[in-house]
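Engineer: sequence first, predicted model second:
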Amino acid sequence: HAPSNLPSAPHYLMPPGTPWHPLASHTPCAPRLETLWNARLDVAITGESGAGKSTFVNALRGLSDEDAGAAQTGVTETTAQPTAYPYPGYPNVTLWDLPGIGTPSFRADGYLQAVDFPRYDFFIILASERFKENHVLLARAIVEQGKRFYFVRAKVDNDLEATGRKKNPPGEEEVLEEIRRDCRERLGQAGLADAKVFLLSSFELEKYDFQAFEDTLERELPGHKRHAFLLSLPNLSGAIVEKKRQLLHQEVWKVALVSSLVAAVPLPGLAFTCDVAILLRKLAAYRQDFGLDAASLARLAERAGKPLEALRAEVRSALGRSISKEVVIGLLGKATGGGLVVANFFFHRIPIYGALACGSISFHTTYSMLSQCLEELAADSQRVLVKAFDSEVGVGAGGLEQRGLGAWTPGFSARLWEGSGGWWVRAGGLGARTPGFSPWLWEGVEEEEAESLAIKSHIVPQ
């Protein structure tokens with residue numbers, strides 16, 4: 001029999017199937033995840049005719065001008081009306097190639113109305129030489145209507161090539177600083193001293209000010225749109241891969257919760273339940289986010305001029321090589337650990353808490369599997385980049401290899417603590433004495449057991 005002094009479990013921690021268990025039909029996480037995954041982002045790319053807008057659109061989407069689905073390019077204006085170009089694999093993120101400002105059909109004074117201004121989240125204004133009156137007029141109109149714009153001084157590789165032909169050519173940074181100074185002066189004279197300007201090359205997008213450009217957009221976009229923007233970026237550098245890893249890790253617990261408590265079904269060969277369809281969808285998205293799906297690897301191989309098989313050889317994780325229901329179930333089986341022994345003990349001795357422990361094991365197993373896959377896919381992506389560009393793309397001290405779950409998976413404990421507003425996931429504690437999962441089902445546990453926290457965050461917000 002269960003000890004009489006055991007506290008009642010919070011209602012949101014009761015096992016699925018309990019008549020009054022609210023997660024049996026819904027959870028706040030499910031609609032939030034759908035909102036996060038499907039957030040729309042519409043970015044307008046504009047500028048004068050011939051500034052290289054279409055090539056820039058292609059570069060941001062990780063495409064060359066000759067790829068299928070690429071924006072049409074040319075030395076004259078090739079865009080007659082706003083044209084949508086979704087990111088490959090991300091239909092909710094769209095770059096809009098707008099007609100050039102100042103053309104007979106699109107004068108600056110009526111430009112925003114003609115291109116359906118309300119549709120766009122922000123504007124990128126390109127100039128391939130100096131910023132002119134049309135750029136300034138457009139920027140002012142955008143600000144007056146309450147939206148953001150960013151100036152991009154494109155084709156800086158052309159400037160560097162031209163100055164390199166001089167008898168005594170200046171250094172690259174000297175040339176770039178001179179371009180920045182000229183941009184600041186001209187925009188300041190036009191009353192746009194606070195405008196942000198980035199020096200970029202569509203043919204070497206990862207160079208020059210691209211990191212500052214990406215950081216600025218990431219900082220200034222609203223949360224869900226920031227998420228969509230970052231994940232849609234082509235994996236041009238180790239820094240981008242690492243940012244994606246960090247961003248995706250923040251939502252792992254939500255995916256695990258929805259899979260293990262909301263739509264869970266029994267799985268053959270496993271002693272817990274979860275929704276494999278949700279996991280398949282998310283893991284497939286992880287592969288795409290890190291550029292490890294077949295289409296992304298093929299584009300990278302063409303861009304880098306490397307054999308596709310050479311890049312595939314750098315993908316070492318099971319999930320990176322292939323994805324199927326069988327692969328996912330196998331990964332879940334490996335992540336289960338010894339927690340089922342404890343769950344079975346509780347289930348037979350204290351049924352209500354045994355069911356709760358089983359649900360918690362499902363969450364822990366799913367969380368562990370997703371986290372481990374995320375780390376392995378990010379490491380695969382880093383290795384592929386190194387191979388593609390023959391350079392190091394490290395992510396700082398520690399690296400990805402040391403961020404796995406092995407340091408805290410043994411002795412995993414979830415404390416069912418009413419006062420905390422949810423679960424605290426930690427290593428050590430009672431779990432160190434009972435191999436595998438240990439639910440703390442009583443009050444008065446000594447806090448000295450909490451010294452080895454692994455994740456100091458609420459799993460289920462109250």
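Structural biologist: Sure, I can see it. As the structure is a computational prediction, the values presented were derived from the model and not from experiment.
Engineer: and for residue 172, the neighbour number?
Structural biologist: Neighbour count of residue 172, defined by other CB atoms under 10 Å: 15. Every residue, glycine included, has its C-beta placed from N, CA and C.
Engineer: that one against residue 157, yeah?
Structural biologist: No. Using CB atoms under 8 Å, residue 172 is not in contact with residue 157, being 10.3 Å away.
Engineer: secondary structure element for the closest residue to residue 55 other than its chain neighbours?
Structural biologist: Leaving aside its chain neighbours, residue 55 sits nearest to residue 202 (4.5 Å; criterion: CB to CB, 6 or more residues apart in numbering). Of the helices and strands defined by DSSP states H and E, none includes residue 202.
Engineer: also residue 42?
Structural biologist: strand 41-47.
Engineer: that strand: partners in the sheet, and parallel or antiparallel?
Structural biologist: Sheet pairing here is set by DSSP bridges, and for strand 41-47 it gives strand 90-97 (parallel), strand 122-127 (parallel).
Engineer: got the phi and psi for the residue nearest to residue 55?
Structural biologist: phi -70, psi -20 (degrees, to the nearest 10).
Engineer: relative to residue 42, how far out is it?
Structural biologist: Residue 202 sits 20 Å away from residue 42, going by CB to CB, to the nearest Å.
Engineer: quick one, which of those two is more surrounded?
Structural biologist: residue 202 (21 against 17).
Engineer: neighbours around residue 54, how many?
Structural biologist: With other CB under 10 Å as criterion, residue 54 counts 22.
Engineer: tell me who's in contact with residue 48.
Structural biologist: 100, 101, 102, 126, 127, 128, 132, 134, 135 (CB atoms under 8 Å, 6 or more residues apart in numbering).
Engineer: including distance to residue 244 and secondary structure, could these go into CSV?
Structural biologist: Formatted as CSV, the contacts of residue 48 follow (distance: CB to CB, whole Å; DSSP: H, G, I helix; E, B strand; the rest coil):
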residue, distance to residue 244, secondary structure
100, 33, coil
101, 34, strand
102, 38, coil
126, 26, strand
127, 30, strand
128, 31, coil
132, 37, coil
134, 36, helix
135, 32, helix
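Engineer: wait, which of those is closest to residue 296?
Structural biologist: Nearest to residue 296 among the contacts of residue 48: residue 126, at 25.9 Å, using CB to CB.
Engineer: residue 198: which element?
Structural biologist: Element membership for residue 198 (DSSP H and E) is strand 197-199.
Engineer: I meant residue 112, not that one.
Structural biologist: With DSSP H and E as the criterion, residue 112 is inside helix 111-114.
Engineer: name the helices or strands packed onto that helix?
Structural biologist: helix 133-144 (3 or more CB pairs under 8 Å, 6 or more residues apart in numbering; DSSP states H and E).
Engineer: and residue 315, how far is that from residue 297?
Structural biologist: Residue 315 is 8 Å from residue 297, by CB to CB.
Engineer: ok, residue 237 next?
Structural biologist: Distance, residue 237 to residue 297, by CB to CB: 17 Å.
Engineer: give me the mean pLDDT for stretch 293-309.
Structural biologist: Average pLDDT, stretch 293-309: 90.
Engineer: do stretch 223-232 as well
Structural biologist: For stretch 223-232, the mean pLDDT works out to 86.
Engineer: check which residues of the helix or strand containing residue 328 are buried.
Structural biologist: Counting by DSSP H and E, the element that carries residue 328 is helix 325-335. For helix 325-335, the neighbour count (16 or more other CB atoms under 10 Å) marks 328, 329, 331, 332, 335 as buried.
Engineer: going by distance to residue 61, which of the residues you listed wins?
Structural biologist: Comparing the buried residues of helix 325-335 against residue 61 with CB to CB places residue 328 closest, at 29.2 Å.
Engineer: and that closest one, what pLDDT?
Structural biologist: 79.
Engineer: domain assignment for this protein?
Structural biologist: 11-35+242-452, 40-234 (automatic domain parsing).
Engineer: which of these has the lowest mean pLDDT?
Structural biologist: Going by mean pLDDT, the lowest-scoring of the domains of the chain is domain 11-35+242-452, which has a mean of 61.
Engineer: quick revisit: of the contacts of residue 48, just the buried ones, ChimeraX syntax please.
Structural biologist: Those of those that count as buried under 16+ other CB under 10 Å are selected in ChimeraX with:
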select :100,101,102,126,127,128,134,135
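Engineer: next, format the contacts of residue 48 as JSON lines and append distance to residue 165.
Structural biologist: Shown next, in JSON lines, are the contacts of residue 48 (distance: CB to CB, whole Å):
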{"residue": "100", "distance to residue 165": "29"}
{"residue": "101", "distance to residue 165": "31"}
{"residue": "102", "distance to residue 165": "30"}
{"residue": "126", "distance to residue 165": "25"}
{"residue": "127", "distance to residue 165": "22"}
{"residue": "128", "distance to residue 165": "18"}
{"residue": "132", "distance to residue 165": "26"}
{"residue": "134", "distance to residue 165": "30"}
{"residue": "135", "distance to residue 165": "28"}
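Engineer: closest to residue 88 out of the contacts of residue 48?
Structural biologist: residue 126 (21.6 Å).
Engineer: who's the closest one bridged to?
Structural biologist: residue 47, residue 152.
Engineer: need the contact list for it.
Structural biologist: Counted by CB under 8 Å, 6+ apart, residue 126 has contacts 45, 46, 47, 48, 51, 52, 53, 56, 152, 154.
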